[in-house]
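Trainee: starting from these lines, generate the structure:
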Amino acid sequence: MDLAKRRAVMDEAMASRGDWPERSPWLREAVAALPRDEFAPDRLWRWDGHAYAAVDRHADPDGWAAELYASQDAAAVTQVSGGLPSSSLSAQGVVVDRLDSLQLESGHRVWDIGGGQGWNAALAAWRAGPGRVVSTEIDPDLAAFARERLAAAGLDVETLTADATTAAPGGGRFDRVIATYAVEHVPWAWIEATGPGGRIVYPWGRLGHVALTVAAGGRHASGHVQGLAQFMADRTAPAPPAAAGPTGYRVVRGERPAETERSVGRDLDPLESDWDLRFALRVAVPDTVVFTGREKDGVSAWVHDGVAAWAMFSADAAGGSVLFQGGGRRIGDEVLQAWKQWEEHGRPDPYEYGITVTPEKQFAWLVDPDDGPRWPLHEAAAATSR
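Mentor: Residues are numbered from 1 along each chain as shown. Okay, the predicted model is just below:
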């Protein structure tokens, strides 16, 4: 197990693809000084096609190292609960991209949310300085692990076991806040904890990460999507009522027949391959799960809301599809309408979208937070109840 070689290979892979950000040259130095293997547990988990299987550092050192340094785009699963990943070391490229979005400077006071194994806090502390980073983690075992690894690295980082959705640690103000798990809605406590002009970087609904800047007066925060990646979900949020993919669709539909049926002339190929479209649909119809499959007549699609509504687009030989819907809500029509609107807006890419958070509401917007199209993220009560 030659960890030095694996580190060098990943460093060069990121350099060749331009993944080391020019505006944050400190990140390459920090990763070299504090490599991810120093914050990885001795047991990782690998998907074997059927379930997550343990990869032990002592029993299989090469396999462990290969899992940890698979690529700059691959996360390493560090904890499995109920057969599903519950914690991970995020992909190195993603960690670097998010810390670049934070625009972190020496002396900044930083709140690291969802500390996990402590690597993100370690890199932030390398830049911000001793005693400038506070990390919170809801899992006491993970918090203890991070505390141990941070101390072993000689870093002065306060690591607390806490639920970050309710209040900031110590009630203090921070210049920078960075979350490592995905939330659909930003807890207002994060805005209150950040001074005017401060920056909050967080993964939005497993779509990618957003950077908010807190306005003067601290009564709202707004900012654009910065990068795309999938993240672990907030452990305090309600669990999805049904799984994604074929299993979720079967659970929601059950044995119920279609309530409506009609022909749709639209080619469904972009629904399978155009990720800008998929992102736009997720913004416009946020509670919708969409998955596709290629059949003999072309691409078919299945849609559900995790509760009751479902739709199936069955490809036909004419290049279109037949839309079957049920569950009261016409969720297939909502997807088609959102698709049409995306085309009318000029087929924007994800980086043209952003988020605004106020005490009363949160909404996504396109191009301009004041004059552009908007999509509400949730009811006002949800913003202040977290």
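Trainee: what is the neighbour count of A13?
Mentor: Neighbour count of A13, defined by other CB atoms under 10 Å: 16. C-betas here are computed from N, CA, C, even on glycine.
Trainee: can you pull the contacts of it?
Mentor: A13 makes contact with 19, 71-72 under the criterion CB atoms under 8 Å, 6 or more residues apart in numbering.
Trainee: in helices, which of those residues fall?
Mentor: Using DSSP state H, no member of these sits in helices.
Trainee: which of those lies closest to E272?
Mentor: Of all the contacts of A13, S71 has the smallest distance to E272: 23.7 Å, by CB to CB.
Trainee: redo the contacts of A13 as CSV? Include pLDDT, neighbour count and distance to I113.
Mentor: Output for the contacts of A13, formatted as CSV (pLDDT from 0 to 100; neighbours: other CB atoms under 10 Å; distance: CB to CB, whole Å):
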residue, pLDDT, neighbour count, distance to I113
D19, 96, 20, 24
S71, 94, 12, 26
Q72, 95, 19, 23
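Trainee: distance to D37 for the residues you listed - can I get that in TSV?
Mentor: Below are the contacts of A13 laid out as TSV (distance: CB to CB, whole Å):
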residue	distance to D37
D19	19
S71	15
Q72	14
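Trainee: out of those, who's nearest S314?
Mentor: Nearest to S314 among the contacts of A13: S71, at 36.5 Å, using CB to CB.
Trainee: now stretch 196-210: how far from the chain's centre is it?
Mentor: Here stretch 196-210 is found 9 Å from its chain centre; the criterion is CA atoms, centre = their mean, to the nearest Å.
Trainee: only C-alpha atoms, please: export that stretch in CSV.
Mentor: Extracted C-alpha coordinates of stretch 196-210, given in CSV (Å, rounded to 0.1, in the frame of the first residue of the first chain):
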residue,chain,number,x,y,z
PRO,A,196,-23.3,40.5,7.1
GLY,A,197,-21.1,39.9,4.1
GLY,A,198,-20.4,36.4,5.4
ARG,A,199,-20.6,33.4,3.2
ILE,A,200,-22.5,30.1,3.6
VAL,A,201,-21.7,27.1,1.4
TYR,A,202,-24.0,24.1,1.6
PRO,A,203,-25.2,21.2,-0.6
TRP,A,204,-28.7,21.8,-1.8
GLY,A,205,-31.0,18.9,-1.9
ARG,A,206,-28.3,16.5,-3.3
LEU,A,207,-28.1,18.5,-6.5
GLY,A,208,-25.0,20.5,-5.9
HIS,A,209,-23.6,23.2,-3.7
VAL,A,210,-24.7,26.8,-3.3
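Trainee: now that stretch: mean pLDDT?
Mentor: Mean pLDDT, stretch 196-210: 89.
Trainee: D37 - how many residues pack around it?
Mentor: For D37, the count of nearby residues is 18 (other CB under 10 Å).
Trainee: quick check: it touching L3?
Mentor: Yes: contact criterion CB atoms under 8 Å: D37 and L3 qualify, at 5.3 Å.
Trainee: give me the common contacts of those two.
Mentor: Between them, D37 and L3 share these contacting residues under CB under 8 Å, 6+ apart: 65, 69.
Trainee: the single longest strand found in the chain: how far from the chain's middle?
Mentor: Counting residues, the longest strand found in the chain (DSSP state E) is strand 194-204. Centroid separation for strand 194-204 versus its chain: 15 Å, with CA atoms, centre = their mean.
Trainee: before we move on, what about stretch 215-222?
Mentor: For stretch 215-222 - counting by CA atoms, centre = their mean - the centre lies 23 Å from the chain centre.
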